[in-house]
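In: give me a 3D structure for the following:
(one chain, ligands or ions: 1)
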Amino acid sequence: MARVKTAVLVSGRGSNLQTLIDACAASDYPGEIALVISNEPGAQGMARATAAGIPAKLIEHRKFATREAFDAAIDRELRTAEVDLVCLAGFMRLLTPGFVEAWRDRLINIHPALLPAFPGLNTHARALEAGVRWHGCTVHFVRPEMDHGPIIMQAVVPVMPGDDVDSLAARVLDAEHHCYPRALRLVAEGRARVSGNRVLIDGADWPSAVSFSPQD
Ligand code: GRF
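Out: Predicted structure coming up:
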């Protein structure tokens, strides 16, 4: 089975990167992580890549005069590694429209909220402040506008009465770790097709039940 060569871009902890690395260890997984790029020298994600024997490239945005030059350097590395797909996993730089268009429908991101609710930062605090009963994460194809683009998969978690930012973040992060490898599988298998703003999925099961929170 030919595996889809995937790069992961990180800026920090890299726990989502780790779940992708772990998923790719299975012999029937359709992707392989061929390259990890970080813009931050100390990123734990780089150490995770190295520990897994994956090439890890540091491309520091601070060393580039413009966003375009930084993105061009990333693009060069991706093409040199002959990567087909790019996953953003806690990559904290906004990519330029030129880069995003060059990788259109081959560039995916995970966001810690149920988009289009709560794009941007501090999603868990904002969810608590808004009083929502459900929160979660979204894996989507990237478009130039931040945290926008056709949705591939979402996972929902309940917001509990006693939650604070940390407890809610931990619940969502656990959902992210289940969601990202599944979403990448769909894309790598060619089962996620973009149609306008929507993503059509071939051969998946769908949840059938209505869920209530709270339940009476
Ligand atoms: C995750 O919550 C992800 O959704 C967001 O940044 C965080 C990265 O965490 N984009 P990690 O580096 O994968 O542990």
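
In: quick check: residues of the protein near the ligand?
Out: When proximity is defined by CB under 6 Å from any ligand atom, the chain lies next to the ligand at 10, 12-17, 89-90, 110-112, 137, 173, 176. Backbone N, C-alpha and C define where each C-beta goes, glycine included.

In: among the residues you listed, which are in strands?
Out: 10, 110-111, 137 (DSSP state E).

In: which residue ranges of this protein form helices?
Out: 15-24, 44-51, 67-80, 97-102, 123-130, 165-188 (DSSP state H).

In: pLDDT below threshold where in the protein?
Out: Scanning the chain for pLDDT under 70 picks out no residues.

In: domain assignment for it?
Out: Segmentation of the chain into domains, based on automatic domain parsing, reads 1-103, 111-201.

In: could you work out the end-to-end span of the shortest one for me?
Out: Between the opening and closing residues of domain 111-201 we find a distance of 20 Å, counting by CA to CA, to the nearest Å.

In: for the longest one, same thing?
Out: From the first residue to the last, domain 1-103 extends over 24 Å; the measure is CA to CA.

In: just give the number of residues close to the residue nearest to R198 when sequence neighbours are not counted.
Out: Closest residue in space to R198, ignoring its immediate chain neighbours: P150 at 6.0 Å, by CB to CB, 6 or more residues apart in numbering. Counted with other CB atoms under 10 Å, the neighbours of P150 add up to 19.

In: quick one: contacts for P150?
Out: Contact partners of P150, counting by CB atoms under 8 Å, 6 or more residues apart in numbering, are 140-141, 143, 194, 196-199.

In: which of those count as buried?
Out: Buried by 16 or more other CB atoms under 10 Å: 140-141, 143, 199, out of the contacts of P150.

In: for E82, state which of these is nearest.
Out: E82 has its nearest neighbour among the buried ones among the contacts of P150 in F141, at 20.8 Å by CB to CB.

In: please give me every residue in contact with that closest one.
Out: So F141 contacts 104-105, 107-108, 149-150, 152, 194, 199 (CB under 8 Å, 6+ apart).

In: which one of the residues you listed is nearest the ligand?
Out: I108 (11.4 Å; CB to the nearest ligand atom).

In: isn't the closest one right up against R143?
Out: No. Here I108 does not reach R143: they are 11.1 Å apart, not a contact under CB atoms under 8 Å.

In: nearest spatial neighbour of V36, skipping sequence neighbours?
Out: A49 (3.7 Å).

In: for S213, same thing?
Out: Excluding the flanking residues, the one nearest S213 by CB to CB, 6+ apart is R133, at 4.2 Å.

In: with A34 instead?
Out: K5 is the one closest to A34 (CB to CB, 6+ apart), at 4.3 Å.

In: the residue lying closest to H148 once chain neighbours are set aside - how many residues pack around it?
Out: Once flanking residues are discounted, H148 sits nearest to P119: 7.1 Å by CB to CB, 6+ apart. Using other CB under 10 Å, P119 has 15 neighbouring residues.
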